[in-house]
Every structure is written in C-alpha cells, then in structure tokens.
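K.L.:
I would like the atomic coordinates for the input below:
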Amino acid sequence: MEELYIGHLATANYDFYIVAVSEDVMWEKLQHSWENHAKKTNAIYTWEDLKDSVWWNKQQINQTWKKG
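P.N.:
Numbering: from 1, shown residues only. The predicted structure follows:
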C-alpha cells in the first residue's frame, strides 16, 4: 500500500505544511523551507532549534484518520 508523509511545523507567526513521498523528502523539504524563510526574515531560530517541534505522520493513501 502506498504511503504519504504529512508534516507540520508551527511557529509563533507561520505554519509550514508538507505532504511528501518519503520521510527523507519530508525532512529535506521542511529544512530547506525553514532555512529560506529564516534568511528572508532574519529569524533567530535555526533548523536545529525547531526540528524536534515538527508534528508528522505516515499516512496510507485512500484511508481516513482522525486526530483527537
């Protein structure tokens, strides 16, 4: 069964969401997005500071799930 990786990084001002084909791609793209954002906004936090705050889930395609 095919899977997707769903990730979410929430900061005080922004939310970053991703749906990726693999866990490696999910982490790579989130890090790249954060680092680009940090350069543009002069953010004080680095990816190392934030990566443990990422909520993520591996989801089977065409199946529902609920949180809560």
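K.L.:
residue contacts, Leu50?
P.N.:
When contacts are counted by CB atoms under 8 Å, 6 or more residues apart in numbering, Leu50 touches Leu9, Thr11, Trp34. The way it works is simple: take the backbone N, C-alpha and C, and place the C-beta from them, glycine included.
K.L.:
hmm, try it at 10 Å
P.N.:
Leu9, Ala10, Thr11, Phe16, Leu30, Gln31, Trp34, Ala38, Ala43 (CB atoms under 10 Å, 6 or more residues apart in numbering).
K.L.:
the fourth one bridge partners, please.
P.N.:
When bridges are called by DSSP bridges, Phe16 pairs up with Leu9.
K.L.:
that one - how many residues pack around it?
P.N.:
Phe16 has 16 neighbours, counted by other CB atoms under 10 Å.
K.L.:
from what I see, it and Leu9 are in contact.
P.N.:
Yes: counting by CB atoms under 10 Å, Phe16 does reach Leu9; the two are 4.2 Å apart.
K.L.:
find residues that contact each of these two.
P.N.:
With CB under 10 Å, 6+ apart, Phe16 and Leu9 have common neighbours Leu30, Ser33, Trp34, His37, Leu50, Val54.
K.L.:
pLDDT on stretch 23-35, on average?
P.N.:
Average pLDDT, stretch 23-35: 98.
K.L.:
distance between it and the chain's centre?
P.N.:
7 Å (CA atoms, centre = their mean, to the nearest Å).
K.L.:
take it, keep the C-alpha atoms, and write them as PDB.
P.N.:
Extracted C-alpha coordinates of stretch 23-35, given in PDB (Å, rounded to 0.1, in the frame of the first residue of the first chain):
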ATOM      1  CA  GLU A  23      10.200  10.600   5.200                       C
ATOM      2  CA  ASP A  24      13.600  11.700   3.900                       C
ATOM      3  CA  VAL A  25      12.000  14.100   1.400                       C
ATOM      4  CA  MET A  26       9.700  15.500   4.100                       C
ATOM      5  CA  TRP A  27      12.600  16.400   6.400                       C
ATOM      6  CA  GLU A  28      14.700  17.700   3.500                       C
ATOM      7  CA  LYS A  29      12.000  20.000   2.200                       C
ATOM      8  CA  LEU A  30      10.900  21.300   5.600                       C
ATOM      9  CA  GLN A  31      14.500  22.100   6.400                       C
ATOM     10  CA  HIS A  32      15.000  23.800   3.100                       C
ATOM     11  CA  SER A  33      11.800  25.800   3.500                       C
ATOM     12  CA  TRP A  34      12.700  26.900   7.100                       C
ATOM     13  CA  GLU A  35      16.300  27.900   6.100                       C
END
